[in-house]
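Novice: Below: sequence and its predicted model.
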Amino acid sequence: MAQPRPHHDAGTVPVKKFTRIGSLLAILAATTSAALWWILRPLPELPQPDLSALEPGIKRQIQEALDAAQARPRDVDTVAMLGKTLLAYDRPEDAARCFARASALQADDFRWTYLQAQAQRRSGNSDRATTLLRETITQEPTFLPARLALGEALLDAGEIDAAAPLFEQLAGEYPESPHALFGLGRVRAERGQSAEAVTLLRRALVAADRRWGAAHYALALALRDSGERDLAQRQLRLYEAHKEIAPRSQDPLLNEVAQSRRGAEHYLNL
């Protein structure tokens, strides 16, 4: 015999249904609160650079980028463009603030972390740059420029033991990379392994078409330490001839920074 179904008064709501509604309302409230916090959360302020000493064309380009960012302060591409422009014109501290804001607006994009790291390096903030480069590699492990930049930053800070395994791995993965070979050559030189340093630095120069000021200088020092003073003097002469020359950049993000530099000539043609 069928059991009679429970009867609810017309003005009552089953307890289970009420509990489900309450849970949904709680989830909705939490989601709304999180969304509001995300929209209203404090962000790094845009910089207010002093442009008074700049030539008119450069001043105008930076001012245009600044005006755009101030008009659209939550548009990540506009904020990042201001950062690129400032970095291109050697304003790394102001650029770093822009990239910090871009990172806050779009935390999952490694580009802004990386460019902030490069701006911090140019500002002389090596510890902060190293931290940001590690974060970049965590976000995008295959981005070679960040791995190279981290190795270089560690070498510049004298952290040879931290730089060594990184450059050994990079030179193994990219045996024709002049920067990987150069970094490992510097590691060997710092450790007093002059003969190995000479070999690696010569390979780096070959990979760079034999014209790279920094590599000529490092090779001269390694040859001197190996007792090859005549060869060291030759490398010093090559350094003087090529000290402004470096391998073509394979860094797409820093290339974008360089390309954002229009200069006064652009405005003369308007």
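Specialist: Here it is on my side, so go on.
Novice: Stretch 84-103 - what's its average pLDDT?
Specialist: Averaged across stretch 84-103, the pLDDT comes to 98.
Novice: Endpoints of that stretch, how far apart?
Specialist: 14 Å (Cα to Cα, to the nearest Å).
Novice: Leu87: neighbouring residues, count only.
Specialist: Leu87: 26 surrounding residues under other Cβ atoms under 10 Å. Bear in mind the C-beta positions are built from the backbone N, C-alpha and C, glycine included.
Novice: is it true that it touches Arg97?
Specialist: No: in this structure, Leu87 is not within contact of Arg97 by Cβ atoms under 8 Å, at 11.1 Å.
Novice: Stretch 175-182 - what's its average pLDDT?
Specialist: 97.
Novice: where does Ile62 land on pLDDT?
Specialist: Value listed for Ile62 in the pLDDT field: 97.
Novice: same deal with Arg261?
Specialist: 89.
Novice: number of nearby residues for it?
Specialist: 15.
Novice: May I have the residues that are in contact with the residue nearest to it when sequence neighbours are not counted?
Specialist: Leaving aside its sequence neighbours, Arg261 sits nearest to Ala88 (Cβ to Cβ, 6 or more residues apart in numbering; 3.9 Å). The neighbours of Ala88, taking Cβ atoms under 8 Å, 6 or more residues apart in numbering as the test, are 257-258, 260-261.
Novice: who wins for neighbours among those residues?
Specialist: Val257 (21 neighbours).
Novice: Double-check that one against Leu87; I have them as touching.
Specialist: Yes: with contact defined as Cβ under 8 Å, Val257 reaches Leu87; the gap is 5.1 Å.
Novice: Between the two, which contacts overlap?
Specialist: 115, 118.
Novice: can you tell me the helix or strand for Pro247?
Specialist: Counting by DSSP states H and E, no helix or strand carries Pro247.
Novice: One more: Leu82?
Specialist: Judged by DSSP H and E, Leu82 forms part of helix 76-88.
Novice: can you pull the buried residues of that helix?
Specialist: By neighbour count with 16 or more other Cβ atoms under 10 Å, helix 76-88 contains the buried residues 76, 78-88.
Novice: Ok, stretch 211-223 next?
Specialist: 212-223.
Novice: And for it, what's in contact with it?
Specialist: With Cβ under 8 Å, 6+ apart as the criterion, stretch 211-223 contacts 178, 182, 185-186, 189, 194, 197-198, 201-202, 204-205, 208, 229, 231-233, 235-236, 238-239, 242-247.
Novice: and it, average pLDDT?
Specialist: Per-residue scores along stretch 211-223 average to 98.
Novice: Residue numbering should commence at 99 henceforth.
Specialist: With 99 as the first residue, the last one maps to stretch 309-321.
Novice: how distant is it from the center of its chain?
Specialist: 27 Å (Cα atoms, centre = their mean, to the nearest Å).
Novice: Kindly report the same for stretch 236-244.
Specialist: So, by Cα atoms, centre = their mean, the centroid of stretch 236-244 is 10 Å from its chain's centroid.
Novice: List the buried residues in that stretch.
Specialist: Buried-residue list, stretch 236-244, by 16+ other Cβ under 10 Å: 237-238, 241-244.
Novice: ok, now stretch 251-258?
Specialist: 251-253, 258.
Novice: Which of the residues you listed fall within helices?
Specialist: If you go by DSSP state H, the buried residues of stretch 251-258 have 251-253, 258 in helices.
Novice: Can I get those in CSV including distance to Glu162?
Specialist: Shown next, in CSV, are those (distance: Cβ to Cβ, whole Å):
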residue, distance to Glu162
Ala251, 32
Leu252, 37
Leu253, 38
Ile258, 44
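Novice: and the two most separated of those?
Specialist: Ala251 and Ile258 (12.5 Å; Cβ to Cβ).
Novice: re earlier: and of the contacts of Ala186, the nearest to Ala166?
Specialist: Relative to Ala166, the closest of these is Ser358; by Cβ to Cβ it sits at 12.7 Å.
Novice: ok so, going back, put together CSV for the buried residues of stretch 236-244, with distance to Asp165 and secondary structure on each row.
Specialist: Formatted as CSV, these follow (distance: Cβ to Cβ, whole Å; DSSP: H, G, I helix; E, B strand; the rest coil):
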residue, distance to Asp165, secondary structure
Gln237, 31, helix
Glu238, 31, coil
Phe241, 32, coil
Leu242, 35, helix
Pro243, 31, helix
Ala244, 31, helix
